[in-house]
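> let's see this in three dimensions:
(2 chains)
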Amino acid sequence: KAGVTQTPRYLIKTRGQQVTLSCSPISGHRSVSWYQQTPGQGLQFLFEYFSETQRNKGNFPGRFSGRQFSNSRSEMNVSTLELGDSALYLCASKRSSGGWNTELYTEAFFGQGTRLTVV
Amino acid sequence: AQSVTQLDSHVSVSEGTPVLLRCNYSSSYSPSLFWYVQHPNKGLQLLLKYTSAATLVKGINGFEAEFKKSETSFHLTKPSAHMSDAAEYFCVVTISGSARQLTFGSGTQLTVLP
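Here you go, the predicted structure:
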């Protein structure tokens, strides 16, 4: 069974540009979340999608956006890149039925991440 | 709001000696708790999870953790460290109502000395 796949693995962009990262979840998983990992802030939640709908959003500016397609694949976009956006971006998928109680104990499976460097 | 505190940013042990990585959580509701490991330039791998079925949870690679509600702790242990255990470990909490969002501790970097 294939794991969570993130592409590309590495990206170098210039300040002011925009970038799109892609995530393919494990087959059958309908929930996809995104996290930003930096040395200073650690791992922070960006947003979560289920059945093409954003269900939850972290405390990030509007430059960070995402979407999910009907096949559960997800993309996140960062516009007007800043140096501080340099980070490892991790995608996670969960087998989710949509119910709060079952999701409480459902583990997330992570991809290897996309390393974004803004210069 | 829920939060999780990893009490040590760095832990260093000798190969073959026990490992203890400490985690305390704060939650007004019954939480679910996880430990993840991250090897350099890799994603996060689940070690174990607490689901309220049992307070002592066994995970992969010989790791286990004990949920202690009275101490709000979920410490990770392993009887004998191996060189391949060197990595960063994250304690993670979710609570009912925010189960779609993982809250991570700041991480503990484990070094295993030969």
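> got any ranges where chain A has weak pLDDT?
Low-confidence segments of chain A, defined by pLDDT under 70, are located at A:1, A:97-104.
> which positions in it make contact with chain B?
Residues of chain A lying close to chain B by Cβ under 8 Å from any Cβ of the partner chain are A:4, A:31, A:33, A:35, A:42-45, A:48, A:50, A:55-56, A:58, A:90, A:92, A:96, A:100-101, A:103-113, A:115. Heads up, the C-betas are built off the backbone N, CA and C, glycines and all.
> the helix or strand residue B:94 falls within pairs with which strands, and in what direction?
Residue B:94 is part of strand B:87-95 when elements are defined by DSSP states H and E. Sheet pairing of strand B:87-95 (DSSP bridges) gives strand B:31-38 (antiparallel), strand B:103-104 (antiparallel), strand B:108-113 (antiparallel).
> that older thread, of the residues of chain A next to chain B, which belong to strands?
Residues of those located in strands (DSSP state E): A:31, A:33, A:35, A:42-45, A:48, A:50, A:55-56, A:90, A:92, A:109-110, A:115.
> please indicate which of those are buried?
A residue is treated as buried here by neighbour count (16 or more other Cβ atoms under 10 Å in any protein chain shown); on that basis the buried members of these are A:31, A:33, A:35, A:43-45, A:48, A:50, A:56, A:90, A:92, A:109-110, A:115.
> out of these, which comes closest to residue B:23?
Proximity of those to residue B:23 was ranked by Cβ to Cβ; the top entry is residue A:43 with 14.3 Å.
> what bridges to that closest one?
Per DSSP bridges, residues listed as beta-bridge partners of residue A:43: residue A:37.
> kindly report the same for the one 5 residues further on.
Beta bridges link residue A:48 to residue A:33, residue A:56, judged by DSSP bridges.
> same check on residue B:64?
In this structure, residue B:64 bridges to residue B:58, residue B:77 when assessed by DSSP bridges.
> how about the contacts made by it?
Under the criterion of Cβ atoms under 8 Å, 6 or more residues apart in numbering or on different chains, the contact partners of residue B:64 comprise B:48, B:56, B:57, B:58, B:76, B:77, B:78.
> what pLDDT does the third one get?
For residue B:57, the pLDDT comes out at 95.
> can you tell me how far residue B:48 is from residue A:36?
25 Å (Cβ to Cβ, to the nearest Å).
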